[in-house]
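Participant: mind folding the following:
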Amino acid sequence: MTRQEIFNEITQTMGTVPGWLAKMDGKQLENAWASQSWFMRDTKLSARDKALVAFGAASANHCRF
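Facilitator: Reported below is the predicted structural model:
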């Protein structure tokens, strides 16, 4: 997938390309978007439940972000 195709998909999903994604290069962008897009869509766990799990894990690990 080309950089522009990834940006088009990000824009379609999020409305705009966030700065933290726009700064990434090649494979890094492709991998980050693959995991982010999985996180944002419903699977057996809803996107909401995945966000809650991520929040709980970040809290347990004392993540600053």
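
Participant: residues in contact with the spatially most central residue of the chain?
Facilitator: The C-alpha lying nearest the average C-alpha coordinate of the chain belongs to residue 36 (C-alpha atoms, centre = their mean; 2.0 Å). By C-beta atoms under 8 Å, 6 or more residues apart in numbering, residue 36 lies in contact with residue 21. All C-beta atoms are positioned from the backbone trio N, CA, C, and that covers glycine.

Participant: gap between it and residue 62?
Facilitator: According to C-beta to C-beta, to the nearest Å, residue 36 and residue 62 sit 23 Å apart.

Participant: next: residue 21.
Facilitator: Distance from residue 21 to residue 62, counting by C-beta to C-beta: 25 Å.

Participant: residue ranges with poor pLDDT in the chain?
Facilitator: The model of the chain has pLDDT under 70 over residues 65.

Participant: all helices of it, in order?
Facilitator: Here the chain has its helices, by DSSP state H, at 3-14, 19-22, 26-40, 47-60.

Participant: tell me which residues in the last one are buried?
Facilitator: Residues of helix 47-60 classed as buried under the neighbour-count rule (16 or more other C-beta atoms under 10 Å) are residue 50.
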